[in-house]
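Novice: fold the following.
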Amino acid sequence: YYLLLQPQRQPQALRTTTTMAIPSQIATGTFLYLILGAILLGLVFASRLTGRLTKDNADIANVVVVIATIATWLFWACAWMHQWHPLIKPIYEE
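Specialist: The predicted structure is shown next:
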C-alpha cells in the first residue's frame with residue numbers, strides 16, 4: 001500500500017520544465033499604454049496650469065483619461081491574446 005502512494009519517477013530525459021511568463025509583447029504594449037496615459041495626464045495637468053481647464057473640468061478629464069487608457073489597453077490585450085491562442089479553429093469544407 002505504501003508503494004502505491006509513492007509518485008512514479010520519470011527518467012531525466014523525459015522530464016520537461018514548463019515556465020509561466022508574461023509574453024514580451026504584452027509587457028511592451030502595457031508599458032506603452034502606461035506612457036500614453038502618463039502623457040495624457042500630463043496634458044491635462046498642463047491645461048489646468050495654463051487656465052484652459054477649471055479644477056472641476058480637470059478632475060473630470062483625469063477620470064476620463066484613466067478610464068479611456070485602461071479600456072483601450074484592455075481591448076488591445078484581448079485582441080492580441082485572441083490572435084495569440086485562438087479559441088475557435090475554422091473547419092474548411094471543400
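
Novice: which element follows whichever helix or strand residue 38 is part of toward the C-terminus?
Specialist: Assigned by DSSP states H and E, residue 38 belongs to helix 24-50. Next in sequence after helix 24-50, counting helices and strands by DSSP H and E, comes helix 55-84.

Novice: packing partners of that following helix?
Specialist: Contacts defined by 3 or more C-beta pairs under 8 Å, 6 or more residues apart in numbering; DSSP states H and E place helix 55-84 against helix 24-50. All C-beta spots, glycine's among them, are computed from the backbone N, C-alpha and C.

Novice: so which bits of the helix it packs on are buried?
Specialist: 33, 37, 40, 44, 48 (16 or more other C-beta atoms under 10 Å).

Novice: repeat that for stretch 70-80.
Specialist: residue 73.

Novice: now for residue 40: which residues touch it?
Specialist: 65, 69 (C-beta atoms under 8 Å, 6 or more residues apart in numbering).

Novice: show me where pLDDT drops low in the protein?
Specialist: Applying pLDDT under 70 to the chain flags the ranges 1-19, 85-94.

Novice: I appreciate the help and will end here.
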